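*Asks:* structure, please.
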Amino acid sequence: MLRPIRIRLAGSLRLVAHSLSGRLLLLTLLYVLISEAVISIPTIARYHRELLDTHIESAEIAILPFTEIGGEQFSPGLRRQLLMRAGADAVMLKRRDQRELFLVQGMPEKLDRTIDLSKPGLWYEIGEALNCLFMGGDRMLRIIAATQIPRAETVEVIVGEAPIRASLLVYSERTLLVGLLISVVAAVLVFLSLYFVLVQPMRRITHAMVRFRENPEDPSRIVAATARRDEIGTAERELAAMQRDIYGSLQQKTRLAALGAAVAKIQHDLRNILSSAQLASERLTAIDDPVVKRLTPRLVASLDRAVSLATNTLRYGRADERAPERRALLLAPIVNEVGEAVRLATALSFENRVDPDLKVNADAEQLHRILLNLVRNAAEALQARQNGTISVGAMRENGGVRISVCDNGPGVPEAMREKLFQPFATAAKPGGSGLGLSIARDLARLHGGDVRLAETGALGTTFCVYLPDRT
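*Replies:* Predicted structure coming up:
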């Protein structure tokens, strides 16, 4: 019958020791008890000193009549009675030129301990009190103290320690019991305060984290932050924001997975259609028309690039980008090719400010895609603006080439800047897919470089592409 009780008790103790609230309760009790002990020990020491002072005062009162003129007329029996009332076995009064000894029955054979009350200091009093509590018993004490008796320097009292220790034990027990009661009450109050202020909110946050982890795609599991302005409130708000970001990322990845599945399904048919268009465009070269002859090579190149992209199943679907095949390229012709595509599709002005002799170490097709995405992004920003201008410049910098794509558009909104390079972050923009900037950055990072927003404002926006010579 006792075994189940012991098992439950052990389980309860483990729960208390390993739970945050249990540890808080134990630590609160421990710290309050330590504080109570720090307060109680000096109090007990002070009471011990008061007991000794009482014996000194009683002894002084007992011998005072014998120190005056005519005191020798009192009988020895009266002396013994007065000293016995004072609780002293012997009293010795020290004067400058003599010592006076007052005995009850006779001088004790052995003095076990001498206590000098003229020595100042709390530590001395604590040491004597603890010595009396733990080492005392039937010892004989010699207590030395300064005296108020005229023409006397000190008074020494010889007393038995037993009554002093008994009184000190009673006082210590009462003090410790009261202190223990105060400690328990204070610990419970502190624990309840901390529990409701800290532990319970933390438990709620922990529960919300566990519940969200079980199904992060359920928006109802996002923690509802309170209006608290302390650290707990900050933690709740940050957790809610983080969970919303995770939920948004998962939704975005779901959309990307769906996009990949859709692209994988249409890739074969799209490649066949583009191949047919490619064959038809090659036959255009036989037409003897200057305009056709000028536009046909660009049309064929665009179809070749489209077939290649379809064959690779594009990006953000189920296929990864291939590793770049890097070589030294003249940058200006690639920029001209991108600019021609913009001129054919829009009425915007395009300026190629790249030095004709500047070379860049990159994959030709991927560099074209980087610049085309950035330029199309700029063109989309200029749709509602007349006299829109896009310019591309480049310069060598830190062992690589920095390419700048500038426009005189309205600038990137503040709310969109943090998520500018995330897929679909700008999909709500008219004519935009939300993938251009993300694709451009991924391709640049495959080269060991990066794409960043250099500056934006009411006068326009500049994106910078950095491609190092070697990775």
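*Asks:* who touches Leu180 in this structure?
*Replies:* By CB atoms under 8 Å, 6 or more residues apart in numbering, the residues touching Leu180 are 33, 36. Backbone N, C-alpha and C define where each C-beta goes, glycine included.
*Asks:* give me the pLDDT for it.
*Replies:* pLDDT for Leu180: 81.
*Asks:* assumed Arg142 was part of a strand.
*Replies:* Yes: under DSSP: H, G, I helix; E, B strand; the rest coil, Arg142 sits within a strand.
*Asks:* hang on, it packs against Leu111?
*Replies:* Yes: Arg142 lies in contact with Leu111 (CB atoms under 8 Å); the separation is 4.8 Å.
*Asks:* shared neighbours, the two?
*Replies:* Joint contacts of Arg142 and Leu111 (CB under 8 Å, 6+ apart) are Ile158.
*Asks:* higher neighbour count, those two?
*Replies:* Arg142 (17 against 13; other CB atoms under 10 Å).
*Asks:* so where's the stretch 251-400 of the chain uncertain?
*Replies:* Scanning the stretch 251-400 of the chain with the threshold set as pLDDT under 70 gives 259-289, 291-321, 344-345, 384.
*Asks:* where along it do the strands fall?
*Replies:* With DSSP state E, counting those that start in this stretch, the ranges of strands along the stretch 251-400 of the chain come out as 327-330, 349-352, 359-362, 389-396, 400-407.
*Asks:* alpha carbons only: can I get the third one in CSV?
*Replies:* I take that to be strand 359-362. Written as CSV, here are the backbone C-alpha positions of strand 359-362 (Å, rounded to 0.1, in the frame of the first residue of the first chain):
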residue,chain,number,x,y,z
LYS,A,359,34.0,42.8,-70.3
VAL,A,360,32.3,40.8,-67.7
ASN,A,361,33.0,37.2,-66.6
ALA,A,362,29.5,35.6,-66.7
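*Asks:* just checking: what are the partner strands of it?
*Replies:* Each strand paired with strand 359-362, and its direction, by DSSP bridges: strand 327-330 (antiparallel).
*Asks:* buried ones in the strand it pairs with, by neighbour count?
*Replies:* Within strand 327-330, the residues that count as buried by 16 or more other CB atoms under 10 Å are Leu329.
*Asks:* what's in contact with it?
*Replies:* Here strand 327-330 has contacts from 356-364, 367, using CB under 8 Å, 6+ apart.
*Asks:* re the thing from before, relative to Arg46, which of the strands of the stretch 251-400 of the chain is closest?
*Replies:* strand 400-407 (80.1 Å; CB to CB).
*Asks:* send the alpha carbons of the helix or strand hosting Leu130 over as PDB?
*Replies:* Assigned by DSSP states H and E, Leu130 belongs to helix 122-135. The C-alpha trace of helix 122-135 is given here as PDB (Å, rounded to 0.1, in the frame of the first residue of the first chain):
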ATOM      1  CA  LEU A 122      28.300  42.200  15.800                       C
ATOM      2  CA  TRP A 123      30.400  39.200  14.700                       C
ATOM      3  CA  TYR A 124      31.700  38.700  18.300                       C
ATOM      4  CA  GLU A 125      28.100  38.700  19.600                       C
ATOM      5  CA  ILE A 126      27.000  36.300  16.900                       C
ATOM      6  CA  GLY A 127      29.900  34.000  17.700                       C
ATOM      7  CA  GLU A 128      29.100  33.900  21.500                       C
ATOM      8  CA  ALA A 129      25.400  33.300  20.900                       C
ATOM      9  CA  LEU A 130      26.000  30.400  18.500                       C
ATOM     10  CA  ASN A 131      28.600  29.000  20.900                       C
ATOM     11  CA  CYS A 132      26.000  29.100  23.700                       C
ATOM     12  CA  LEU A 133      23.300  27.400  21.500                       C
ATOM     13  CA  PHE A 134      25.400  24.600  20.100                       C
ATOM     14  CA  MET A 135      28.300  24.200  22.600                       C
END
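*Asks:* tell me where the stretch 151-300 of the chain has helices.
*Replies:* Taking DSSP state H, counting those that start in this stretch as the criterion, the stretch 151-300 of the chain carries its helices at 161-194, 200-214, 231-283, 290-311.
*Asks:* show the buried residues in the contacts of strand 327-330.
*Replies:* Buried, going by 16+ other CB under 10 Å: 358, 360-364, 367, out of these.
*Asks:* which parts of stretch 438-451 are buried?
*Replies:* 438-444, 446-449, 451.
*Asks:* so for Arg237, which of the strands of the stretch 251-400 of the chain sits nearest?
*Replies:* Of all the strands of the stretch 251-400 of the chain, strand 400-407 comes closest under CB to CB, at 37.2 Å.
*Asks:* direction included, what does that closest one pair against?
*Replies:* Take DSSP bridges as the rule and strand 400-407 pairs in its sheet with strand 389-396 (antiparallel), strand 460-468 (antiparallel).
*Asks:* can you add distance to Tyr171 and mean neighbour count and give the ones you listed back as a markdown table?
*Replies:* Output for these, formatted as a markdown table (distance: least, CB to CB, whole Å; neighbours: other CB atoms under 10 Å):
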| stretch | distance to Tyr171 | mean neighbour count |
| --- | --- | --- |
| strand 389-396 | 90 | 19 |
| strand 460-468 | 82 | 21 |
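*Asks:* looking at these, which is nearest to Leu33?
*Replies:* Across those, Leu33 has its closest neighbour in strand 460-468 (64.5 Å, CB to CB).
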